[in-house]
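# below is the sequence, then the predicted model.
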Amino acid sequence: MIAVGARPFPYVFDPAATALLVIDMQRDFLEPGGFGESLGNDVSQLRRTIAPTAALLAGWRDAGLPVIHTREGHLPDLSDCPPAKLARGAPSMRIGDPGPKGRVLIRGEYGHDIIDELAPLPGEPVIDKPGKGAFHATELHALLTRDGIRGLVVTGVTTEVCVHTTVREANDRGYECLVLADCVGSYFPRFHEIGLEMIAAQGGIFGWVASSSDVLAVLP
Ligand code: TIU
């Protein structure tokens, strides 16, 4: 077992039963000129996560531990997109509309894919998810169960949307989640800060919070 300094108390994990989950590091959310920026968002708030996540990925892979990536997106015919989700997008650019990097959040489009800096390696699962959470309507729980994974070290974007939803879903399924503050980001800094506080509050109601350096310091 390995102990990581974390809030609200050390996160103790079995490396054989813990995966690194990299959530939605997609061009449409992170790149200048992408969907996120076109909605008026400040992508620098997300881009600061790239370098620490790349360093963590390198260390995690060197240790031979499992990595799982996710992407938010939909089938080209939008049959997996609830009308409520479609209708609530910004009217100027909705899911499936032609965007700066292809149809917005549609699988197979350039903007939907993961940024080059964090490209998955062959053999690393990429979970395509139609929702904000990575468990809803995906094979993630079955994959983790098959591989005996009970702990998740969580990175990605955005802190209060897909990261939070996934951590909450994971918590209810019995997974122990460590969220890395420097490897998650939001377009809204105050949502990011409060989002992290919400995870570790009340004795770790949804999990633990640490930084990537805390994890890198203890990897085998
Ligand atoms: N991945 C993810 O968080 N999807 C979003 O739509 N996030 C926003 O903050 N909008």
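Here it is on my side, so go on.

# now the longest helix along the chain: how far from the chain's centre is it?
In the chain, taking DSSP state H as the definition, the longest helix is helix 189-204. In terms of C-alpha atoms, centre = their mean, to the nearest Å, the centre of helix 189-204 is found 16 Å from the chain centre.

# hmm, who's touching it?
6-9, 45, 158-160, 163-164, 167, 177, 179, 181, 184-186, 205-209 (C-beta atoms under 8 Å, 6 or more residues apart in numbering). Where C-beta positions appear, they are placed from N, C-alpha and C, glycine not excepted.

# same question for stretch 143-156.
Contacts for stretch 143-156 (C-beta under 8 Å, 6+ apart): 13-14, 16-25, 49, 53, 56, 60, 66, 68, 70, 125, 127, 162-163, 166-167, 170, 174-180, 183-184, 207, 212, 215.

# same thing with stretch 117-134?
Stretch 117-134 is contacted from outside by 21-23, 25, 50, 53-54, 57, 61, 66-74, 80-81, 107, 114, 136-140, 143, 161-162, 165-166, 168-170, using C-beta under 8 Å, 6+ apart.

# hang on, the earlier thing: next secondary structure after the longest helix of the chain?
Using DSSP states H and E, the helix or strand that follows helix 189-204 towards the C-terminus is strand 208-210.

# point to the residue nearest the middle of the protein.
The centroid of the chain falls nearest to Ile23 when counting by C-alpha atoms, centre = their mean (1.8 Å).

# show me what from the chain comes close to the ligand.
Residues of the chain found near the ligand (C-beta under 6 Å from any ligand atom) are 24, 29, 72, 132, 157-158, 161-162, 187.
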